[in-house]
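Engineer: here is my input; please provide its structure:
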Amino acid sequence: MSELNKIALKILSNGKGILAADESNGTMTKRLESVNIQSSPENRLLFRETLFAADSMTDCIGGVILYDETINQKSSIGKTIPAMISETGAVPGIKVDTGAKDLANSLDEKVTEGLDGLRERLKTYYKLGARFTKWRGVYNISDKYPSELAINSNAHALARYSALVQECGMVPIVEPEVLMDGDHSAEDCLTKTSSVIQKCFDELIINKIDLAGIILKPNMILAGNKSKNKISNDEVASKTIECLKKSVPNEVPGIAFLSGGQSEIEATENLNLINRNNDTNFIMTYSYGRALQQSALKFWSNDIKNIEGTQNIFNHRARMNSLAAQGKWSIELENK
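Structural biologist: Below you'll find the model as predicted:
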């Protein structure tokens, strides 16, 4: 077992998942302002530190993805944020891409940037305590998208990023997100997500990536958010598993799904059904942002000094998702 594989398994095993707390300052500002809280470095840290100090960090969270601002901050008692996370048993991680920009020759699509200077930035993040990283490619679905150009460009960038990350002794999260925006069918999502993931692995293999030392972060297979033909949760689970079985090599240790605009309960229920029907060797768990934080943020915004109340709400969501990662969740548990 390689060191990278050990890190990946530490993050994913035993019903643990990933807390995605890597919102850019722009995204975090929108979230805070939506609940009437001023977005300042202090307030962003206060909310995140409240979550990182919660009890469920120890038994439900295997890794935390941070943003550049946060990995450089110190907690209210003077500890670095990576040290605070490591003390819970979770692994600190860092988002390293610099965002999705318009793709030349296909301006309705995006390509993710951030490779320039990445080797040096990774060395700095490693010294700060990060042991895994994240890079997100985004793809939209329509009659003509994602184009071959977008699929190839983003797969190539994800592979080059992964090579640099593994060279630096960290685990890359490979996140090819096919967006749920649109009126497309679930079948269309299945076909196009499969193509995207397969191309990513083609490029990862060309770039000699140790597949046992990565984590895949894909979308679940869903109909578009404007589609009139939604599918059942059971179908979401079966189509998602079908996609992964035909697209992901067996060496990959685990898959941590993004929530991608699903409600908190939907994201938990779908993960639970995926695990109940999981007939693969892959660990299937969560890498959720809003689906772990939204209720806690709403509560916290009413009284930012009520740390315990905020943590109780976060603990509940984390525990529900941990159960779902083991196929042990039920709707009745939501009200206990």
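Engineer: for the chain, what helix or strand is lowest in average pLDDT?
Structural biologist: Across the helices and strands of the chain, mean pLDDT, DSSP states H and E gives its lowest value to helix 25-34, namely a mean of 93.
Engineer: got the buried residues for that helix?
Structural biologist: 28-29, 31-32 (16 or more other CB atoms under 10 Å). For every residue, glycine as well, the C-beta is placed using N, CA and C.
Engineer: for stretch 61-81, same thing?
Structural biologist: Going by 16+ other CB under 10 Å, stretch 61-81 has these buried residues: 61-71, 73, 75, 80-81.
Engineer: hmm, back to that, report the two of the buried residues of helix 25-34 separated the most.
Structural biologist: 29 and 31 (7.4 Å; CB to CB).
Engineer: what sits against the residue of the chain most remote from its centre?
Structural biologist: Most distant from the centre of the chain: residue 105, at 28.8 Å, with distances by CA atoms, centre = their mean. Listed by CB atoms under 8 Å, 6 or more residues apart in numbering, the contact set of residue 105 reads residue 149.
Engineer: counting contacts, what elements does the least confident helix or strand of the chain pack onto?
Structural biologist: helix 41-52, helix 290-302 (3 or more CB pairs under 8 Å, 6 or more residues apart in numbering; DSSP states H and E).
Engineer: where do the helices sit along the stretch 151-300 of the chain?
Structural biologist: Listed in chain order, the helices of the stretch 151-300 of the chain (DSSP state H, counting those that start in this stretch) span 186-206, 233-247, 264-276, 290-302.
Engineer: pull out the buried positions in the second one.
Structural biologist: In other words, helix 233-247. 236-241, 243-244, 247.
Engineer: mind listing residues that contact that helix?
Structural biologist: Everything outside helix 233-247 that qualifies as a contact, by CB under 8 Å, 6+ apart, is 186, 189-190, 193-194, 197-198, 201, 218, 220-222, 231, 255, 257, 266, 269-270, 273-274, 276-280, 282.
Engineer: of these, keep whichever come out buried.
Structural biologist: 186, 189-190, 193-194, 197-198, 201, 218, 220-222, 231, 255, 257, 266, 269-270, 273-274, 278, 282.
Engineer: related to what we said a few turns ago, now the residue farthest from the centre of the chain. Its backbone dihedrals?
Structural biologist: Main-chain torsions, residue 105, degrees, to the nearest 10: phi 70, psi 10.
Engineer: now do it against residue 169, distance only.
Structural biologist: The gap separating residue 105 from residue 169 is 36 Å, by CB to CB, to the nearest Å.
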